[in-house]
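> Predicted coordinates and the sequence they were generated for:
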Amino acid sequence: MTPLLLFLRSREVPRGLLCAVPTMALLAWFGAAQDDPRHAVTAAALALALGVAVLGNGLGGPDTTLDATAAIRWTPRRALHLVAMTVVAGTVVTVVTTAPVGVVLRDAAGFTGLAALAATLFGRRLAWTLPVVTGCVSAGVPAVPEPFALYLVTWAGQPSDSVAAMTTAGVFAVTGAAAYVMRGPRRVD
């Protein structure tokens, strides 16, 4: 097997794709079928959160000690993995939903950053926590401008012209990616 196939298999990427792609497509399609365009944005955010959460399991291998001691450069592999997760999630949801492309790409990058941050802090098995919690809050709480703290928490469900949402997603994407690429997933004993 080639090194790329071994890497993908060790990260359970094929299994994650088999679960994440239909889930994202189905949730985004349900939102697109609604009359109100806000439902499309909310459903797209939830679809991305759940899809990235499933794919986030692949942010580490089953043996974290082996990952830490391997004699290969992990930094480019980790960065490419995050980019691939963002592209796959964003593409699947963009094809199915009627939500604006800018919202989908913003949310895909933000949720991937949250999954990377969770993998760094809690380990790969809990990489789903931050995207799912944020996605559920964004789907369940309306995006109102006041109070500002609530507005920041519901960044994923906000319209495409929201500067606060774009900034929040950017901070999550950059912080999560930097932490994950530099440190990798937390080693769990």
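Nice, I can see it.

> CA atoms for contacts and neighbours, from now on please.
Fine.

> just for this structure, where's the confidence low?
Applying pLDDT under 70 to the chain flags residues 1, 64, 66-71, 189.

> what about the helices in it?
With helices called from DSSP state H, the chain shows them at 3-10, 13-32, 37-55, 64-69, 74-96, 101-122, 129-140, 148-153, 163-183.

> Same list, those helices, but as JSON lines with mean neighbour count please.
Formatted as JSON lines, the helices of the chain follow (neighbours: other CA atoms under 10 Å):
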{"stretch": "helix 3-10", "mean neighbour count": "12"}
{"stretch": "helix 13-32", "mean neighbour count": "20"}
{"stretch": "helix 37-55", "mean neighbour count": "28"}
{"stretch": "helix 64-69", "mean neighbour count": "13"}
{"stretch": "helix 74-96", "mean neighbour count": "19"}
{"stretch": "helix 101-122", "mean neighbour count": "27"}
{"stretch": "helix 129-140", "mean neighbour count": "21"}
{"stretch": "helix 148-153", "mean neighbour count": "16"}
{"stretch": "helix 163-183", "mean neighbour count": "19"}
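
> end to end, how far does stretch 49-63 reach?
Terminal residues of stretch 49-63 lie 26 Å apart, using CA to CA, to the nearest Å.

> And for it, what's in contact with it?
Contact with stretch 49-63 is made by 10-13, 16-17, 19-21, 23-24, 67, 78, 81, 85-86, 89, 108, 111-112, 115-116, 119, 123-129, 131-132, 134-135, 184-185, as judged by CA atoms under 8 Å, 6 or more residues apart in numbering.
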